[in-house]
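> I would like the atomic coordinates for the input below:
(4 chains)
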Protein chains: 2
Amino acid sequence: MASPLSRDLIVRTAVELIERDGVNAVSMRRLAAELGTGAMSLYNHLPNKAALLDAVAEYILVGMEFAADPAADWREAVRSLARAFREVAHRYPRSVMVVVSRQPNSTIGMRPVELALATAQAAGFRGKAAVQVMRAVVNYVLGCLVHESSQTEARWAADTRPLVDPAELEAAGLVNVRELLPALAEHDSEADFEFGLELLISALDALPRTAADAAGFTG
Amino acid sequence: MASPLSRDLIVRTAVELIERDGVNAVSMRRLAAELGTGAMSLYNHLPNKAALLDAVAEYILVGMEFAADPAADWREAVRSLARAFREVAHRYPRSVMVVVSRQPNSTIGMRPVELALATAQAAGFRGKAAVQVMRAVVNYVLGCLVHESSQTEARWAADTRPLVDPAELEAAGLVNVRELLPALAEHDSEADFEFGLELLISALDALPRTAADAAGFTG
DNA sequence: GGCTCGTACGTACACCGTACGTATGTGACC
DNA sequence: GGTCACATACGTACGGTGTACGTACGAGCC
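Numbering: from 1, shown residues only, chains lettered A, B, ... in the order given. As a prediction, this is how the structure comes out:
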């Protein structure tokens, strides 16, 4: 064998394969062929396919790059964290659903959680409030990524954009959809993402704290 | 055949099967066996398995029950709408990911969009702003549902709760995770959901309008 | 009767995950 | 050097998958 077939190599190749041909194209045989080996050789490094996908999810999660400055304003930290999630999701667009659809069992996968909690505490939230704040932001970001992923995958499989017929909408009584169809059609995921994020940040800003010791809290 | 095997019956049975044994347990053979027929008979009513899953998604989407009072405060309408999403997700917990992971191609699937847009307009947002507001809330709700679904599925497959070792967290430098472990452990999905929802509503409330004609807008 | 047509059944194929048996190379100890 | 144990790779095989295709049967119509 040219390369000695390690767990890491297998996982990286799996990610490549997912990004190239989609999740459904990943099979042990196909992946092994990609690596120039037999399907069963993979099982020396991974117990089963589920473990492979778990490993893919972990690999991607670990690939997150946080540029958060701990000294910075917590609002900026929230933005930075949320964008880091989104950035990695854009780096591996077709693997997003793999990550999302399996809960992180590994300790290493908790690093984002750690940073998010640290930020929530920096914002002045303690205990259960910190957890709730984190979950609110994370759930929002998660929703955005799933939404974007769904669109991306659609574009990949897109024979044509269906783009419903206005007359049909009228008939179905969907007047608001029809009226706002141009606004619905132009998808600026970036702007949408930032809009909701700022919404949440401003709401958090206005929230009362148990202790007014939020870093950068000025009024 | 006892029952004449219609598309609707097939789809309903598929939903039952997903809820009972999970998405992975759904195969054309298994589903056909459930219906007391052969696998290939299903193809008289559905072109392929993807279409079946699309139909399942649509079936569930259509099953949403909106109790929104158009005359009510728009904030209450947002709550009602968001809860309707969550309620249907709880009614079909194991089918959530099926719905989420395929974009709605059908006109009928746009009914929630229609109501959400109507609510956004009732809140005083027009045009692109209305769409962005809707997307922000929808994405948040979506994230919550995916999160909850992930946990639900985990509980189904749960041999044991892994529940990481505090010492291990310490070693990995995840001090915040360790400190907030009790708060992280007690999952009150309901409370978390409502918390984030109120966060968004309050932020929307504080947002400037292009026209101050929001229904129930008093401040 | 015969014709068409929609529905159901059965077989067949290529592919899937993976259990299991086997080969091959490598380092440890005598 | 001999001969172990062991890790890694390969091959075969089994049961299951989606579905293409051929066949059969019944209802409606001439």
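
> contacts only, for A:E194.
With Cβ atoms under 8 Å, 6 or more residues apart in numbering or on different chains as the criterion, no residue contacts A:E194. Backbone N, C-alpha and C define where each C-beta goes, glycine included.

> so where's chain A uncertain?
A:1-3, A:70, A:104-105, A:158-163, A:210-219 (pLDDT under 70).

> ok, A:E76 touching A:D69?
Yes: A:E76 lies in contact with A:D69 (Cβ atoms under 8 Å); the separation is 7.4 Å.

> who has more neighbours out of these two?
A:E76 (14 against 10; other Cβ atoms under 10 Å in any protein chain shown).

> helix/strand/coil for the more buried one?
Three-state assignment for A:E76 (DSSP: H, G, I helix; E, B strand; the rest coil): helix.

> any idea how far it lies from DNA strand D?
The gap separating A:E76 from DNA strand D is 45 Å, by Cβ to the nearest atom of the strand, to the nearest Å.

> how close does that residue get to A:R91?
22 Å (Cβ to Cβ, to the nearest Å).

> quick check: phi and psi at the residue lying farthest from the centre of chain A.
The C-alpha centroid of chain A is most remote from A:A171, which lies 36.9 Å away (Cα atoms, centre = their mean). A:A171 adopts backbone torsions of phi -60, psi -40, taken as degrees, to the nearest 10.

> quick one, what contacts it?
For A:A171, counting by Cβ under 8 Å, 6+ apart, there are no contacting residues.

> rerun that using 10 Å as the cut-off
Counting by Cβ atoms under 10 Å, 6 or more residues apart in numbering or on different chains, A:A171 touches A:165, B:107.

> so A:L115 sits against A:F66, correct?
Yes: A:L115 lies in contact with A:F66 (Cβ atoms under 10 Å); the separation is 5.9 Å.

> identify the contacts common to the two.
Joint contacts of A:L115 and A:F66 (Cβ under 10 Å, 6+ apart) are A:77, A:80-81, A:84.

> tell me the two of those that are most distant?
A:A77 and A:A84 (10.4 Å; Cβ to Cβ).

> list the residues that contact both of those two?
A:66, A:68, A:115.

> and A:L46, helix, strand or coil?
coil.

> which one is it nearest to, not counting chain neighbours?
Spatial nearest neighbour of A:L46, chain neighbours left out: A:L52 (5.1 Å); criterion: Cβ to Cβ, 6 or more residues apart in numbering or on different chains.

> number of residues surrounding that neighbour?
22.

> repeat that for the one 10 residues further on.
A total of 13 residues lie near A:V62 under the criterion other Cβ under 10 Å.

> ok so, going back, and the shared contacts of A:L115 and A:F66, which is closest to DNA strand D?
Nearest to DNA strand D among the shared contacts of A:L115 and A:F66: A:A84, at 33.8 Å, using Cβ to the nearest atom of the strand.

> in stretch A:171-178, what's buried?
Neighbour counts over stretch A:171-178 (16 or more other Cβ atoms under 10 Å in any protein chain shown) mark A:172, A:174, A:176-178 as buried.

> okay then, goodbye and thanks.
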